[in-house]
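S.K.: Sequence below, structure please.
(chains A, B, C and D)
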There are 4 protein chains.
Amino acid sequence: MSSNADDEHSFAHQITVRWSDCDPARIAYTGRIPNFALEAIDAWWEHTIGLDWYRLNVDEDIGTPFVHLSMDFRKTITPRHKLMCFVKLINLGNSSVRFSVVGKQDNQLCFEGEFVEAFVDAAILQKRGIPDKFRQILVEKLTVST
Amino acid sequence: MSSNADDEHSFAHQITVRWSDCDPARIAYTGRIPNFALEAIDAWWEHTIGLDWYRLNVDEDIGTPFVHLSMDFRKTITPRHKLMCFVKLINLGNSSVRFSVVGKQDNQLCFEGEFVEAFVDAAILQKRGIPDKFRQILVEKLTVST
Amino acid sequence: MSSNADDEHSFAHQITVRWSDCDPARIAYTGRIPNFALEAIDAWWEHTIGLDWYRLNVDEDIGTPFVHLSMDFRKTITPRHKLMCFVKLINLGNSSVRFSVVGKQDNQLCFEGEFVEAFVDAAILQKRGIPDKFRQILVEKLTVST
Amino acid sequence: MSSNADDEHSFAHQITVRWSDCDPARIAYTGRIPNFALEAIDAWWEHTIGLDWYRLNVDEDIGTPFVHLSMDFRKTITPRHKLMCFVKLINLGNSSVRFSVVGKQDNQLCFEGEFVEAFVDAAILQKRGIPDKFRQILVEKLTVST
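M.R.: This next block holds a predicted model:
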């Protein structure tokens, strides 16, 4: 997992961290942080293929459950700065995609993580290949960001 | 990360998965699952040293922010069964602790993960050693569960 | 809205308030508190008709969206005591039910609220009558708790 | 509680409703909706006095716990449209403020609610008057929106 991500080639998603995200230590609660990264990935899908998880699932019958996530927390997150999340597609399998997500506040690294989603038929939650209509778009994203 | 955890030596924490935890795919939302594991770790502390994160932080001025988490999701989680989380202390550093958390429903593996907390002075969020009064208890937990 | 609820006739549901529920004021975040009451109502359904919201919706195709909620907060909620939620069915319409939910910690009133759910066909989210097979059970609950 | 709010005089806050907000009924979970309104009120404070709840509490030692909330849900909320929340200050007491919050998607009323915050010293959670430095700003907001 590399933190010197080339942020120019990644998708940037801004999050306003709020009082409601913070615990009595006055920092964003650990359990909220994967949710920030997931929100950024949901926004990446909408940006990349024009469909967020809701539309992908409900309208297209395509589910993308996560099979893995890992995060290293480098610096505490607070409401004092916007949280910028940088999403990059870093691997494309037959039926899965792997993302790198880097979170920064005030230009300082707060977290870096990797997230893997599998493609399934939404109705039956059974593994399927990445839909043809999305594969070319994803290949291009992968190429750009390598 | 091993899934054939010796569950007899780990702390078991039961969670009732609810409608409110589920997304339109009718399974627990990915972002909820780290929160299940974190709840189990909070309960482990209360069980092990008699202080949950709230009392540890507010009453003892000891913070334990997470520096790492990783999870592999093996099976979808639903409200149809109780979620049993098994927590084990698997490493004890100078100022950090590493846990394995395994989640099962109906005796089937749903997730396995590892979580690392660092010890800090709560007021200033600066790294500190593991408090002496807890170290011996933790050493014994580590020994037992290896 | 009355706080001297006859708690013997209401359904008691216990919640462990955690670090994760608290904000930097070191009390449960306001936005968490309706969720505590909703969890208690979900548990009430499971206790009363043997089906929680998940099974009612997914297995029986019966949805029960909320059309109203109101809460008065009397005392801050913390992790120092268990939160006892007392649920009573206080009105039964043709296609809706009204609950009183009272929350107490250490025997002191923390909140009192009212919540109204409507019955709908889950698939189409259209209003429907209360299912016959549940009405008699609900009538009895209503009688008992008046 | 009136739904024909003069939205021109209220503060508008836009929320992107996501997959993560929705339950298996494919609509925003009830427990999420008060959180949408609270987020809009937090944004109102930042807009109105230049301090959100985090800074108000942590930097100014002023707490504003809620003593009341009520909501009527008129239409289900989904990720298909942005959720526009309109916040108005509708009453100003000695030590409390009352807001109206109206939520709309695609120009249709989804919810309307009222929320009351009390002013307290953050350190001791004891009631206090509205700080002089904020009162005049609040009076003007109240005048404008009546």
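S.K.: wait, what's in contact with residue A:113?
M.R.: Residue A:113 sits next to A:1, A:34, A:37, A:69, A:70, A:71, A:72, A:100, A:101, A:102 when contact means Cβ atoms under 8 Å, 6 or more residues apart in numbering or on different chains. Bear in mind the C-beta positions are built from the backbone N, C-alpha and C, glycine included.
S.K.: Retrieve the pLDDT associated with it.
M.R.: Residue A:113 is assigned a pLDDT of 98 by the prediction.
S.K.: which element is it on?
M.R.: Under the criterion of DSSP states H and E, residue A:113 resides in strand A:108-118.
S.K.: Name the surrounding residues that touch the helix or strand following that strand.
M.R.: Where DSSP H and E defines the elements, the next helix or strand beyond strand A:108-118 is strand A:120-121. Contact with strand A:120-121 is made by A:61, A:62, A:63, A:64, A:65, A:126, A:127, A:128, as judged by Cβ under 8 Å, 6+ apart.
S.K.: Number of residues surrounding the nearest residue to residue A:92 once chain neighbours are set aside?
M.R.: The shortest distance from residue A:92 to any non-neighbouring residue, by Cβ to Cβ, 6 or more residues apart in numbering or on different chains, is to residue A:142 (5.1 Å). Residues lying near residue A:142 (other Cβ atoms under 10 Å in any protein chain shown) number 16.
S.K.: Equivalent analysis for residue A:82, please.
M.R.: Neighbours of residue A:82 under the rule other Cβ under 10 Å: 12.
S.K.: List phi and psi for it.
M.R.: Phi and psi for residue A:82, reported as degrees, to the nearest 10, are phi -60, psi 150.
S.K.: what's near enough to touch the closest residue to it other than its chain neighbours?
M.R.: Leaving aside its chain neighbours, residue A:82 sits nearest to residue A:14 (5.3 Å; criterion: Cβ to Cβ, 6+ apart). Applying Cβ under 8 Å, 6+ apart, we find residue A:14 in contact with A:82, A:83, A:84, A:85.
S.K.: Chain A against chain C: which residues are in contact?
M.R.: A:19, A:20, A:22, A:23, A:24, A:25, A:26, A:29, A:31 (Cβ under 8 Å from any Cβ of the partner chain).
S.K.: Filter those down to just the ones in helices.
M.R.: Cross-referencing these against helices under DSSP state H gives no overlap.
S.K.: What is the nearest of those residues to chain D?
M.R.: Chain D lies nearest to residue A:19 out of the residues of chain A next to chain C, by Cβ to the nearest Cβ, at 3.8 Å.
S.K.: is it true that the closest one touches residue D:55?
M.R.: No - applying Cβ atoms under 8 Å, one finds residue A:19 not in contact with residue D:55, separated by 9.1 Å.
S.K.: Give me the common contacts of these two.
M.R.: Shared contacts of residue A:19 and residue D:55, defined by Cβ under 8 Å, 6+ apart, comprise residue A:79.
S.K.: still on that earlier bit, now tabulate the contacts of residue A:113 in JSON lines and tack on neighbour count.
M.R.: As requested, these are exported to JSON lines (neighbours: other Cβ atoms under 10 Å in any protein chain shown):
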{"residue": "A:1", "neighbour count": "12"}
{"residue": "A:34", "neighbour count": "26"}
{"residue": "A:37", "neighbour count": "27"}
{"residue": "A:69", "neighbour count": "26"}
{"residue": "A:70", "neighbour count": "18"}
{"residue": "A:71", "neighbour count": "25"}
{"residue": "A:72", "neighbour count": "17"}
{"residue": "A:100", "neighbour count": "21"}
{"residue": "A:101", "neighbour count": "27"}
{"residue": "A:102", "neighbour count": "25"}
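S.K.: least confident pick among the residues you listed?
M.R.: Ranked by pLDDT, the contacts of residue A:113 bottom out at residue A:1, which scores 38.
S.K.: rewinding a little: what's the pLDDT at the residue nearest to residue A:82?
M.R.: Looking at residue A:14, its pLDDT reads 98.
S.K.: Can you name the residues bridging to it?
M.R.: Per DSSP bridges, the residues bridged to residue A:14 are residue A:84.
S.K.: how close does it sit to residue A:114?
M.R.: From residue A:14 across to residue A:114, the span is 21 Å (Cβ to Cβ, to the nearest Å).
S.K.: One more: residue A:42?
M.R.: According to Cβ to Cβ, residue A:42 stands 16 Å off from residue A:114.
S.K.: So which residue of chain A lies furthest out from the middle?
M.R.: In chain A, residue A:24 marks the outermost C-alpha relative to the chain mean, sitting 26.8 Å out by Cα atoms, centre = their mean.
S.K.: residues in contact with that one?
M.R.: B:54, B:57, B:58, C:19, C:22, C:23, C:24, C:25, C:26.
S.K.: Looks to me like residue A:33 is in a helix.
M.R.: Yes - counting by DSSP: H, G, I helix; E, B strand; the rest coil, one finds residue A:33 located in a helix.
S.K.: Where does chain A get nearest to chain B, residue-wise?
M.R.: Among the residues of chain A, residue A:70 lies closest to chain B, at 3.6 Å counting by Cβ to the nearest Cβ.
S.K.: what kind of secondary structure is the residue sitting nearest the centre point of chain A in?
M.R.: Per Cα atoms, centre = their mean, the C-alpha nearest to the average position across chain A is that of residue A:41, at 2.7 Å. With three-state DSSP as the basis, residue A:41 sits in helix.
S.K.: No further queries at this time; thank you.
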